[in-house]
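In: have a look; sequence and predicted model below, questions after that.
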Amino acid sequence: MATIFNKIINKEIPADIVYEDDEILAFKDIEPQAPIHILVIPKIEIATLNELSDEHELLTGKIIHRASLIAKEMGLSEDGYRLVINCNKNGGQAVYHLHCHLLGGRAMQWPPG
Ligand code: 5GP
């Protein structure tokens with residue numbers, strides 16, 4: 001099922017895009033939970049972590065790697081940051097298109113709420 005993120009991928013609705021290639025898009029979260037809050041997503045539709053299969057291993061690695069590169073570009077590496085992927089109801093997932101949150105610019109709490 002297509003989500004709002006498909007509309008962002010297809011440029012049907014605007015987003016503040018910070019990175020794009022053939023497979024991946026990264027853009028600022030519309031409701032930031034930290035001074036820096038970026039969503040890194042695959043362009044193909046994968047609803048949740050539950051839908052991942054062997055064929056997605058390289059792509060998921062690229063998403064994590066890209067998030068780390070964006071974090072570096074944004075000056076977050078030294079102080080640190082957090083990557084989060086929410087899955088389904090108990091994980092707090094709201095948009096059913098796989099996405100990795102990059103959160104930085106403030107200290108994070110652990111354990112999460
Ligand atoms: P989830 O709870 O599914 O892990 O996170 C979904 C995220 O997508 C939320 O942080 C929410 O603010 C963000 N989001 C939802 N709709 C839009 C949108 O239209 N544009 C942008 N840039 N972010 C969105």
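Out: Good, I have the coordinates.
In: contacts, neighbours, all on C-alpha from now
Out: Fine.
In: tell me where this structure has strands.
Out: 17-20, 24-28, 36-42, 81-84, 100-104 (DSSP state E).
In: which parts of this protein sit against the ligand?
Out: 4, 15, 28, 29, 30, 31, 86, 92, 93, 94, 95 (CA under 6 Å from any ligand atom).
In: picking that back up, mind putting the strands of the chain into TSV with mean neighbour count and mean pLDDT?
Out: Below are the strands of the chain laid out as TSV (neighbours: other CA atoms under 10 Å; pLDDT from 0 to 100):
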stretch	mean neighbour count	mean pLDDT
strand 17-20	14	98
strand 24-28	21	99
strand 36-42	24	99
strand 81-84	17	98
strand 100-104	23	99
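In: give the buried residues for the top helix by length along the chain.
Out: Taking DSSP state H as the criterion, the chain has its longest helix at helix 57-73. Within helix 57-73, the residues scored as buried using 16 or more other CA atoms under 10 Å are 60, 62, 63, 64, 66, 67, 68, 70, 71.
In: measure residue 57 to residue 44 for me?
Out: According to CA to CA, to the nearest Å, residue 57 stands 13 Å off from residue 44.
In: over to residue 104?
Out: The value you get for residue 104 to residue 44, if CA to CA is used, is 26 Å.
In: many thanks, have a good one.
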